[in-house]
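Need coordinates for the below:
(one chain, ligands or ions: 1)
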Amino acid sequence: MITATETNLKLPRLVTELPGPNAKRVVERDAAIMSPSYTRDYPFVAKRGQGAIVEDVDGNAFLDFAAGIAVCSTGHCHPRVVEAIQKQAAELIHMSGTDFYYESMPILAERLAAMVPGNEAKKVFFTNSGTEAVEGAIKLARYATKRDKMIAFYGCFHGRSMGALSLTASKATQRKNFGALLSGIEHIPYPYAYRCAHGHTSETCGAEILEQLEGQIFKRLFDPEDVAGIIIEPIQGEGGYVPAPKFFLQELQRICRQHGIMLICDEVQSGMGRTGKWWAHEFAGIEPDILCSAKGIASGMPLGAIIARESVMRWKPGAHGTTFGGNPVCIAAALATMDLIEGEYRENAAKMGDYMFARMADWTKKFKIVGDVRGRGLMIGIELVRDQRTKEKAADLRNFVVDRAFHKGLLVLGAGENTVRLSPPLLIDKEQADFAMRTLEECLREAEAKI
Ligand SMILES: Cc1ncc(COP(=O)(O)O)c(C=O)c1O
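Below is the predicted model of the structure:
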């Protein structure tokens, strides 16, 4: 059979019932052996991909608006990324940057550092994942400040290792039964404008949270001079694609500067051009002391990075290390990814994001179950509610929409309790955006008919 990817298909092509016979077989086999902790929403069994199209094991082609959880920024198997990986794999696969040198490491570090705002020079540490970047950021903030307390936000997700999990406050299941986590961490509310307890807008939500931080936490719990870092996702990812207001991030920076606290931006999901800028914090014009990146950085190869001000990343040899982080093959993929994002995809993310937001501008009027449409660029959240007045969360309807979209050939994921997330590859075109919008409209209409 001619594969969908061979024909350069741009839109879905479904040829079997879903799941098809081969997909069913893989799902059964998987269930018997794989850890039950994975959270698959629907039985999509991937075989190959190209651009924004992924094909399953039965020859069904889907339009991918999930991109492997916001990872495949340049689409699936971009020829230039594949070529870079193949060339590097034939030359040198591994050496370990912790103990040896290879030239591509500083080359990528220089390019990443140049993308981070601020006059001060930067230093870079490569990791294997977002979690490892966050884990390293915790250690770096402690090391640099000689303090051990941290502030994080409800709804934020920073990873699942014991340190990163201590900062994560996304879903209780992620912590349940794992016992004591890191001490000295306080969580405060995230400025979630749609559900702002004080009725503020997406520009003004959060003033009371900052008052709580300065007036309560810093007075009653932690002396600010004991606080090593405040970590925030400038746009909350797993929590439901919620952007923090510009003033809020600016004020957070002011508070950090005032007390010598490290401002850590977790841009694992929101970074690398997805929002139309390299980093989401750029919209607020702030300069984080420590930045965590991963996901979209290498088009699917496992790579993360901690990028910090030079005066912050001054830990001594041996203080931190990793065997695989910054592997030459991952770096080659990242360099090709950066070329593509710089070349056209960042701009395309901004353009296609504007286009889709314009298409969805009337969705809260058109659909009574759409409470909010938000985000930036190609990081878009659609929050579903049972009632627009009470804003009762409609987790079941969100799950229904995600499942129906799959059956119509569109891959999307949920985020938070009741939000549909759109995180397509940054290369999508108008035709693909239109298909996604039309399909979601159909799914929302079907969901509405259920209440
Ligand atoms: C903002 C953020 N930080 C950290 C992580 C953890 O990254 P990883 O799954 O690569 O360890 C994620 C993953 O979803 C994330 O969205």
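
what's the distance between P425 and the ligand?
Noted for P425: a distance of 17 Å to the ligand, by Cβ to the nearest ligand atom, to the nearest Å. C-beta: built from backbone N, CA, C; applies to glycine.

That residue in helix, strand or coil?
Classification of P425 using DSSP: H, G, I helix; E, B strand; the rest coil returns coil.

Tell me which stretches of the stretch 201-350 of the chain form strands.
For the stretch 201-350 of the chain, the strands defined by DSSP state E, counting those that start in this stretch occupy 227-232, 235-236, 242-243, 262-266, 290-293, 304-309.

Report the contact partners of the residue most central in space within the chain.
Centroid-nearest residue in the chain: Q269, 1.7 Å away (criterion: Cα atoms, centre = their mean). Q269 sits next to 69-70, 130, 233, 235, 237-238, 295, 379, 423 when contact means Cβ atoms under 8 Å, 6 or more residues apart in numbering.

related to what we said a few turns ago, mind putting the strands of the stretch 201-350 of the chain in JSON lines, distance to the ligand, mean pLDDT and mean neighbour count included?
Shown next, in JSON lines, are these (distance: least, Cβ to the nearest ligand atom, whole Å; pLDDT from 0 to 100; neighbours: other Cβ atoms under 10 Å):
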{"stretch": "strand 227-232", "distance to the ligand": "9", "mean pLDDT": "98", "mean neighbour count": "26"}
{"stretch": "strand 235-236", "distance to the ligand": "8", "mean pLDDT": "98", "mean neighbour count": "26"}
{"stretch": "strand 242-243", "distance to the ligand": "12", "mean pLDDT": "98", "mean neighbour count": "26"}
{"stretch": "strand 262-266", "distance to the ligand": "5", "mean pLDDT": "98", "mean neighbour count": "28"}
{"stretch": "strand 290-293", "distance to the ligand": "7", "mean pLDDT": "98", "mean neighbour count": "29"}
{"stretch": "strand 304-309", "distance to the ligand": "6", "mean pLDDT": "98", "mean neighbour count": "27"}
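
Can you check which of those strands gets nearest to E431?
strand 235-236 (26.5 Å; Cβ to Cβ).

so how far is T390 from A114?
Distance from A114 to T390, counting by Cβ to Cβ, to the nearest Å: 48 Å.

right, I mislabeled it, should have said G163
Here the criterion is Cβ to Cβ. By it, G163 lies 38 Å from T390.

Likewise for G273?
37 Å.

neighbour-wise, which of those two wins?
More crowded of G273 and T390, by other Cβ atoms under 10 Å: G273, with 27 against 9.

isn't that one right next to P425, touching?
No. The pair G273 / P425 is not scored as a contact, 10.9 Å apart, by Cβ atoms under 8 Å.

quick check: domain ranges of the chain?
Using automatic domain parsing, the domain ranges for the chain come out as 21-77+346-448, 82-341.

Quickly list what's touching both of G273 and P425.
Shared contacts of G273 and P425 (Cβ under 8 Å, 6+ apart): S73.

sorry, back to before: show me which of the contacts of Q269 are buried.
Among the contacts of Q269, those buried by neighbour count (16 or more other Cβ atoms under 10 Å) are 69-70, 130, 233, 235, 237-238, 295, 379, 423.

What about these, which are in helices?
Cross-referencing the buried ones among the contacts of Q269 against helices under DSSP state H gives 69-70, 130.

can you redo these as TSV with distance to the ligand and pLDDT?
Output for those, formatted as TSV (distance: Cβ to the nearest ligand atom, whole Å; pLDDT from 0 to 100):
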residue	distance to the ligand	pLDDT
I69	6	97
A70	7	97
G130	2	98
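
can you list the residues you listed in a markdown table and add distance to V82?
Formatted as a markdown table, those follow (distance: Cβ to Cβ, whole Å):
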| residue | distance to V82 |
| --- | --- |
| I69 | 21 |
| A70 | 20 |
| G130 | 23 |
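
closest to I217 among those residues?
G130 (26.2 Å).

Pull up the per-residue confidence for T5.
T5 is assigned 59 on the pLDDT scale.

and what of the one 10 residues further on?
Among the per-residue scores, V15 holds a pLDDT of 98.

Setting aside sequence neighbours, what's the nearest residue to Q88?
Nearest residue to Q88 in three dimensions, chain neighbours excluded: A332, at 3.6 Å (Cβ to Cβ, 6 or more residues apart in numbering).

mean confidence score for the helix or strand hosting E110?
Taking DSSP states H and E as the definition, E110 sits inside helix 104-114. Helix 104-114 shows a mean pLDDT of 98.

Tell me what the residue of the stretch 351-451 of the chain found nearest the ligand is bridged to.
Residue nearest to the ligand within the stretch 351-451 of the chain: A415 (9.3 Å; Cβ to the nearest ligand atom). Beta-bridge partners for A415, by DSSP bridges, are T419.
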